[in-house]
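Peer 1: build the 3D model from these lines:
(chains A and B)
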Amino acid sequence: GENVEQHPSTLSVQEGDSAVIKCTYSDSASNYFPWYKQELGKRPQLIIDIRSNVGEKKDQRIAVTLNKTAKHFSLHITETQPEDSAVYFCAAHYSGGYNKLIFGAGTRLAVHP
Amino acid sequence: NAGVTQTPKFQVLKTGQSMTLQCAQDMNHNSMYWYRQDPGMGLRLIYYSASEGTTDKGEVPNGYNVSRLNKREFSLRLESAAPSQTSVYFCASRSQGANEQYFGPGTRLTVT
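Peer 2: Numbering: from 1, shown residues only, chains lettered A, B, ... in the order given. Reported below is the predicted structural model:
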């Protein structure tokens, strides 16, 4: 079945460093890849997404890259700040159902001052 | 706009009890979803509704039923709760033609 693997499960960085989270997906027909940020006790919120016709997308300090051939995509956060500390989820659109997203297991990012 | 709202925020049930989780959205979205979130497992789709009057199973539908009462409301029912259903439940909605899903604040359910 459809699967999304996410690594690492935890990531600890110093403030100002960069953080990279990687995901792989199995459905070669997937064409939409969002990233959600979830702060403790809060709801997941979309921070950036990318469609399959684009290789990279940036929004200020965050960027997402997509390699469709290898079926993997990554989230890059530069100049990390303590408020970036949260759990980050990647997801891939599952082509077998009506706009169903399959989520990765999440990465807990801790940014230390 | 309130966005996506869920009630209750917290609930404790005994094994075998039933309850309904409520979800409503005021964004005129066609599609609505129910997910459960467990530690280390991300968000898993329980049921979804592409439009009013239609519902379909997701990845983990066993032990749950849903009702799309109208365009605004999508409820999730546990007929006989089990400890394995202890989880945080999120409702989400999406506009037709768009990809982004908007999540509600979640319901933390504990089954003892």
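Peer 1: contacts and neighbour counts: CA atoms only from here.
Peer 2: Fine.
Peer 1: hmm, stretch A:41-50 in reach of chain B?
Peer 2: Yes: under the criterion of C-alpha under 8 Å from any C-alpha of the partner chain, chain B is reached by stretch A:41-50 at A:Lys42, A:Arg43, A:Pro44, A:Gln45, A:Leu46.
Peer 1: who wins for neighbours among the residues you listed?
Peer 2: A:Pro44 (24 neighbours; other C-alpha atoms under 10 Å in any protein chain shown).
Peer 1: could you report the pLDDT at the nearest residue to that one once chain neighbours are set aside?
Peer 2: Residue nearest to A:Pro44 in three dimensions, not counting chain neighbours: A:Gln38, with 4.4 Å by C-alpha to C-alpha, 6 or more residues apart in numbering or on different chains. Listed pLDDT for A:Gln38 reads 96.
Peer 1: A:Gln38 pairs with what?
Peer 2: For A:Gln38, the beta-bridge partners under DSSP bridges are A:Val87.
Peer 1: what do you get for B:Leu43?
Peer 2: Counting by DSSP bridges, the residues bridging with B:Leu43 are B:Gln37.
Peer 1: burial measure for it, as a count.
Peer 2: B:Leu43 sits with 24 neighbouring residues when counted by other C-alpha under 10 Å.
Peer 1: one more: A:Ala110?
Peer 2: Neighbour count of A:Ala110, defined by other C-alpha under 10 Å: 21.
Peer 1: so which helix or strand takes in it?
Peer 2: strand A:107-112 (DSSP states H and E).
Peer 1: so is that strand next to chain B?
Peer 2: No: residues of strand A:107-112 contacting chain B under C-alpha under 8 Å from any C-alpha: none, with a closest distance of 9.0 Å.
Peer 1: related to what we said a few turns ago, who are the contact partners of the residue nearest to A:Pro44?
Peer 2: By C-alpha atoms under 8 Å, 6 or more residues apart in numbering or on different chains, A:Gln38 lies in contact with A:Pro44, A:Gln45, A:Ala86, A:Val87, A:Tyr88, A:Phe89.
Peer 1: try it again at 7 Å.
Peer 2: Going by C-alpha atoms under 7 Å, 6 or more residues apart in numbering or on different chains, A:Gln38 touches A:Pro44, A:Gln45, A:Ala86, A:Val87, A:Tyr88.
Peer 1: and the gap between it and B:Gln11?
Peer 2: As judged by C-alpha to C-alpha, to the nearest Å, A:Gln38 and B:Gln11 stand 21 Å apart.
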